[in-house]
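K.L.:
Predicted structure and sequence below. I'll ask about it afterward.
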Amino acid sequence: MIRADIVKLYKTVHTWTGVTCGFALFIAFYAGALTMFQEPIARWASPPAVGVAAVPLDDAPRLLELVAAAHPEAREEGITLHLWGHENEPARVTWEEDAPHQEGQAHEHVHWWATLKPDGTLLAKHEEPSELADFINHIHMRVGVPEPWGSYFMGVVSLLYGVALISGVIVLLPSLMKDLFALRVGKNLKRMWLDAHNVVGIAVLPFHIAMAITATALSFSHELWSVQETVIFGGKQAILDNRDNEPYRAPKPIGEAAAMMAPSQLLQKLKVQVPDFEPRFMIFKNIGDKAASVRVPGAERGYVGDTHLGGVMLSAVTGELLKDSTRPSRQDPDRRASETFYGLHAGQYEGATITWAYFFLGLSGAWLFYSGNLLWIETRRRKARKGGEAEQSRSTRLLGSATVGVCLGCVAGISVTIVAAKWLHGTVADLNHWHELIYYAVFLGSVTWAFAWGAARAVVHLLWLCAAATMAIPLTTLIALLSPALGMWAHGSAATIGVDVVAFIGALCFAWMAIATARRVKHGPADSIWSIRKPNAVPDGSPVPAE
Amino acid sequence: MPGDIRPDWWSKASAGAILGFGLALSLVGLYAYLGPGGINAPGGRYSLMRYLEAFVWIAVFGFCFLFRSGRAAWAWLGAANLIAFAVLFACRFYFFA
């Protein structure tokens, strides 16, 4: 049995790690849950384009040839041929070129797409794709803190999150059997919230352990890498790294012309040589040269992991397998273990069940941190009341405001910036920049609002804001459908309609929470930070009009 | 563990954060040298090592409050670090140099 003094000590550890990291973890988990549907969100936000279907796969050889002839940089750096026909693939063929920059300096990329005109000539345009889904992923990884501080910050947060998990389990262990399956719904609201916090925390513990370890490793990735190099490998890592990148390097052009094999034929050749491989897209290099190659990233049936890393390389002339050591079944055991860890973080099992499970696990995690903060506040209140104080202490009120402002500001900010993808498209020059501005404006505005009005009032306002902003997602699609003159779009694919449906249900949940919270604010215990009533002279529980 | 456990927040937490990281690095470093394939194993190893380091770091940090005092935490973890780094550097500069 665990001694009482150890439990008491770890209760303090759990409280402080939890309260200091709760905000950042809420944002990381909420945005992280949404990134499970990064692809559908990217498709939802992509304006209608020429599309992949405009050029059948059989006409792709001509298109590739024309692009390679007109854009030598793309020929050398790689031309991507899309296969799926999703809304976020603007055309059959895309590529990136370096924006004008000083030699050796960091620079932007210009995105191009190309298609064939009806007369068979080339139509190439540069157009920036929507980066909305990537931006949500950035919020998930760095909670909006600029690099490199965002990585350091989230690394520390993830580390403390691991400590919070260990301490939380130690605190719960002595009473585990008694408390675990007891969700005491009833008058004692704090007891009920604590029971719920415990049951969610324990039931989802394996997920959280995996997240704490992988998030710490991924946030500190660069730092761990260079420390490993200095302390452990002593220069060897660079050599190994170079060897590791070899499978991704295309053969050098030899300057001899050759006929290219058609992509459809290449795919057939690939299927014969690697039957279980599922190609995502194809990247052609040095088209027209005898040493032309095509790299095909993709997943392999039966293996988890990052599909962008795994793949094969074929000769674009003969279709023969050139490099085949990065697809999952050929990876060395350490790489496989590493990829499995990454798969555990990203929920990459290429199946809808796990994607949805991770979505709900992510949301439950966000709820865990929100409820954790509320429990701390509630405990403070009880302690203060025992001490005979009628008012909440300043720190309790500030933490309440911060919890409400940060958590709900993140939710509302993401919803508003998603909606902006359709409304602002074509009306502003740099929509991807606007996505960031809008998110930060709503987020900081919500935090300010929460501090100005206090947690009790602001929580209701902000929950309604969340509900309205989230409801605006399906409404925008509906408006686009009803009045095409606005220049917005409503895609018909199941994935994009799914975004609208999930947003609709989410908005209803926020509205329900707003109504329930409004009730508590009016009728709950008056000395709580969740009350707008004056605490003195009012007996607990009796209905009084709001001031 | 007989006797009362002292909180010693800052000394224990710093031991967990600093010496926990040291222990993570040195123990996982030993895996790099002594694991299957040795130090020249294919490149997946140093990618995997990040996760293993995070695991050890979190575990040491999380459980370091069990030490009776901050002084004990620094002493035990410091000794563990010394031994682990000594073996690691013996591997790097002597056995597998």
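P.N.:
Structure's in. What do you need? Numbering: from 1, shown residues only, chains lettered A, B, ... in the order given.

K.L.:
residues in chain B within reach of chain A, list them.
P.N.:
For chain B, the residues in contact with chain A under the definition C-beta under 8 Å from any C-beta of the partner chain are B:4-5, B:7, B:9, B:16-17, B:25, B:28-29, B:32, B:35-37, B:39-51, B:53-55, B:57-59, B:61-63, B:65-66, B:88, B:92. C-beta here means a position set from N, CA and C on the backbone, and glycine is covered the same way.

K.L.:
Pull out the buried members of the residues you listed.
P.N.:
The neighbour count (16 or more other C-beta atoms under 10 Å in any protein chain shown) marks B:5, B:16-17, B:25, B:28-29, B:32, B:35, B:39, B:41, B:43-51, B:53-55, B:57-59, B:61-63, B:65, B:88, B:92 as buried among these.

K.L.:
which ones are touching the closest residue to chain A within chain B?
P.N.:
Ranking the residues of chain B by distance to chain A (C-beta to the nearest C-beta) places B:Gly44 first, at 2.5 Å. Neighbouring residues of B:Gly44 by C-beta atoms under 8 Å, 6 or more residues apart in numbering or on different chains: A:Gln331, A:Asp332, A:Pro333, A:Asp334, A:Arg335, A:Arg336, A:Ala337, A:Ser338, A:Glu339.

K.L.:
Buried among those? Need that as a selection in ChimeraX.
P.N.:
Selecting the buried subset of the contacts of B:Gly44 in ChimeraX, with 16+ other C-beta under 10 Å as the burial test, is done by:
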select /A:331,332,334,335,336,337,338,339
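
K.L.:
what secondary structure does the residue most central in space within chain B sit in?
P.N.:
Chain B has B:Leu23 as the residue nearest its centroid, 1.1 Å off, counting by C-alpha atoms, centre = their mean. Judged by DSSP: H, G, I helix; E, B strand; the rest coil, the three-state class of B:Leu23 is helix.

K.L.:
Could you verify that A:Thr94 is part of a helix?
P.N.:
No - the secondary structure assignment for A:Thr94 gives strand rather than a helix, going by three-state DSSP.

K.L.:
Count the neighbours of it for me.
P.N.:
Applying other C-beta atoms under 10 Å in any protein chain shown, we find 20 residues neighbouring A:Thr94.

K.L.:
Equivalent analysis for A:Ser446, please.
P.N.:
If you count neighbours by other C-beta under 10 Å, A:Ser446 ends up with 25.

K.L.:
Name the nearest residue to it, ignoring sequence neighbours.
P.N.:
Take A:Ser446 and drop its neighbours on the chain: the residue closest to it by C-beta to C-beta, 6 or more residues apart in numbering or on different chains is A:Gly409, 3.0 Å away.

K.L.:
so what pLDDT did that neighbour get?
P.N.:
The pLDDT attached to A:Gly409 in the predicted structure is 96.

K.L.:
What about it, how many residues nearby?
P.N.:
Applying other C-beta under 10 Å, we find 26 other residues in the vicinity of A:Gly409.

K.L.:
and whichever helix in chain A runs longest, what other elements does it pack with?
P.N.:
Counting by DSSP state H, the longest helix found in chain A is helix A:352-386. Counting contacts by 3 or more C-beta pairs under 8 Å, 6 or more residues apart in numbering or on different chains; DSSP states H and E, the secondary-structure elements packed against helix A:352-386 are helix A:4-35, helix A:189-203, helix A:205-219, helix A:394-423.

K.L.:
let's see 6 Å
P.N.:
Using 3 or more C-beta pairs under 6 Å, 6 or more residues apart in numbering or on different chains; DSSP states H and E as the contact test, the elements touching helix A:352-386 are helix A:4-35, helix A:189-203, helix A:394-423.

K.L.:
angle of that helix against helix A:394-423?
P.N.:
Taking axes from the mean of the first three to the mean of the last three C-alpha atoms, to 10 degrees, one finds that helix A:352-386 is oriented at 150 degrees with respect to helix A:394-423.

K.L.:
before we move on, the earlier item: winner for burial among the helices and strands packed on helix A:352-386?
P.N.:
Ranked by mean neighbour count under mean count of other C-beta atoms under 10 Å in any protein chain shown, the helices and strands packed on helix A:352-386 are led by helix A:394-423, which reaches a mean of 23.

K.L.:
How far away from the center of its chain is that helix?
P.N.:
17 Å (C-alpha atoms, centre = their mean, to the nearest Å).

K.L.:
quick one: that helix to helix A:4-35, angle?
P.N.:
20 degrees.

K.L.:
what does the stretch 201-350 of chain A have sitting close to chain B?
P.N.:
Counting by C-beta under 6 Å from any C-beta of the partner chain, the residues of the stretch 201-350 of chain A lying close to chain B are A:213, A:216-217, A:224, A:228, A:231-232, A:237, A:240, A:244, A:332, A:334-335, A:337-338, A:341.

K.L.:
Restricted to helices, list those.
P.N.:
By the criterion of DSSP H, membership of those in helices covers A:Ile213, A:Thr216, A:Ala217, A:Leu224, A:Gln237, A:Leu240, A:Asp244, A:Asp334, A:Arg335, A:Ala337, A:Ser338, A:Phe341.

K.L.:
now, among those, which is nearest to A:Glu108?
P.N.:
Nearest to A:Glu108 out of those is A:Asp244 (C-beta to C-beta; 27.5 Å).

K.L.:
tally of neighbours for the residue nearest to A:Ser393 when sequence neighbours are not counted?
P.N.:
By the measure of C-beta to C-beta, 6+ apart, the closest residue to A:Ser393 outside its immediate chain neighbours is A:Ala384, 6.1 Å from it. Using other C-beta under 10 Å, the number of residues around A:Ala384 comes to 16.

K.L.:
Pull the residues that contact the one helix or strand B:Ala79 maps to.
P.N.:
Under the assignment given by DSSP states H and E, the secondary-structure element containing B:Ala79 is helix B:70-90. With C-beta atoms under 6 Å, 6 or more residues apart in numbering or on different chains as the contact definition, helix B:70-90 has outside contacts at B:8, B:11-12, B:15, B:19, B:22-23, B:26-27, B:29-30, B:64, B:67.

K.L.:
In those, which has the lowest confidence score?
P.N.:
B:Asp8 (87).

K.L.:
so where is chain B shaky, pLDDT-wise?
P.N.:
Where chain B drops to pLDDT under 70, the residues are B:1-3.

K.L.:
again, 50 this time
P.N.:
For chain B, residues meeting the criterion pLDDT under 50 lie at B:1.

K.L.:
so B:Pro7, which of the three states?
P.N.:
When the structure is split into helix, strand and coil by three-state DSSP, B:Pro7 lands in coil.

K.L.:
Could I get the phi/psi values of it?
P.N.:
In terms of degrees, to the nearest 10, the main-chain angles of B:Pro7 are phi -70, psi -60.

K.L.:
Nearest residue to it in space, please, no chain neighbours.
P.N.:
The spatially closest residue to B:Pro7, leaving aside those adjacent along the chain, is A:Leu9, at 6.1 Å (C-beta to C-beta, 6+ apart).

K.L.:
Which pLDDT does the model give the one you found?
P.N.:
At A:Leu9, the pLDDT recorded in the model is 91.

K.L.:
and if you look at the one 10 residues further on?
P.N.:
Turning to A:Val19, the model gives it a pLDDT of 87.

K.L.:
Tell me the spatial nearest neighbour of it, not counting adjacent residues.
P.N.:
Of all residues not flanking A:Val19 in the chain, A:Trp376 sits nearest, at 5.5 Å (C-beta to C-beta, 6+ apart).

K.L.:
Pick the one among the residues of the stretch 201-350 of chain A next to chain B closest to A:Asn286.
P.N.:
Scanning those for proximity to A:Asn286, where the rule is C-beta to C-beta, the winner is A:Asp244, at 22.5 Å.

K.L.:
The closest one: neighbour count?
P.N.:
When neighbours are counted by other C-beta under 10 Å, A:Asp244 comes out with 19.

K.L.:
again with B:Arg6
P.N.:
16.

K.L.:
ok, now which ones touch whichever residue of chain A sits closest to chain B?
P.N.:
In chain A, the residue that lies nearest chain B is A:Arg335 (2.5 Å; C-beta to the nearest C-beta). With contact taken as C-beta under 6 Å, 6+ apart, A:Arg335 is in contact with B:Gly44.
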